[in-house]
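> one predicted model, sequence on top.
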Amino acid sequence: MRYLKRMTSGIWGNKCPGDLAVTLDYYSKTTRLVMGALLGSVAVILQSVGIFTGLGYILSMLTTGPIVLACLLSTRIGVMTYFVTIFLLTTVQPSELLVFPFTTGLLGLSIGFGLKYLKRHIFINLFASVCLSMGICILLYGIGFPILGPSVSSEFNIFIFLATFTFSIVYSRIWMRVSILAINVIHKAIIRGTPIKK
């Protein structure tokens, strides 16, 4: 538990109600590296179950979470976890290789970076939704991958683009809230489990 003694999240800033100050960078470098590798493994498992319908789709959406946490450990660990997950997917589940880098993984990186550097809700949400929209558009219009289903044409459509961006705003907002809640829960659990010095 010695690495957990100085974990701070400081979710809500004191200067402005809309400010965020999220950090998990009080771990040692070795601990962060190990945790990044573990989070990458969790992301691979969650993304891999996306091949199954129903519950598999829901679980695959949770892949964003480990990437967000890795980014909050440090920017370098977040990027490393992102690429480690891509590398592992090439051997474990190649069918998900296009989906992760441009959707769940990209969203995790953008929310993690936003929580760490942008601080304000509106900027984090806007940045994450733009990144997710760009990822979906690259898959759909650039690569021709039917990420939105076989019924959606790969030819550019302004209405599909606007619908995608609207969805991205809502989805990014939900994930930002979930991430903040998760960090609060982790923070309280660590504080509760840390022995009090006498």
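Everything's here; your move.
> what's the burial count for Ser151?
Neighbours of Ser151 under the rule other Cβ atoms under 10 Å: 6. Every C-beta, even on glycine, is put in place using the N, C-alpha and C of the backbone.
> might you report the residue contacts of it?
With contacts taken as Cβ atoms under 8 Å, 6 or more residues apart in numbering, Ser151 has no neighbouring residues.
> what distance do you get for it to Gly135?
Using Cβ to Cβ, to the nearest Å, Ser151 is found at 20 Å from Gly135.
> go on, Gly142?
10 Å.
> now the closest residue to Ser41 other than its chain neighbours, what's its secondary structure?
Leaving aside its sequence neighbours, Ser41 sits nearest to Leu88 (Cβ to Cβ, 6 or more residues apart in numbering; 7.3 Å). Three-state call for Leu88 (DSSP: H, G, I helix; E, B strand; the rest coil): helix.
> tell me the pLDDT of Leu88.
Reading off the confidence values, Leu88 has pLDDT 91.
> could you do Tyr57 as well?
77.
> that one is in what secondary structure piece?
Assessed by DSSP states H and E, Tyr57 sits inside helix 55-61.
> return the set of buried residues in that helix.
Neighbour counts using 16 or more other Cβ atoms under 10 Å place 59-61 of helix 55-61 among the buried residues.
> and for stretch 121-137?
Going by 16+ other Cβ under 10 Å, stretch 121-137 has these buried residues: 121, 124-129, 131-137.
> now swap in stretch 62-80 and tell me
62-75, 77-80.
> rewinding a little: packing partners of the helix holding Tyr57?
helix 29-48 (3 or more Cβ pairs under 8 Å, 6 or more residues apart in numbering; DSSP states H and E).
> so what touches the helix it packs on?
So helix 29-48 is contacted by 3, 25, 27, 59-60, 62-63, 65-67, 69-70, 73-74, 77-78, 80-81, 84-85, 88-89, 92-93, 96, 99-100, 104-105, 108 (Cβ under 8 Å, 6+ apart).
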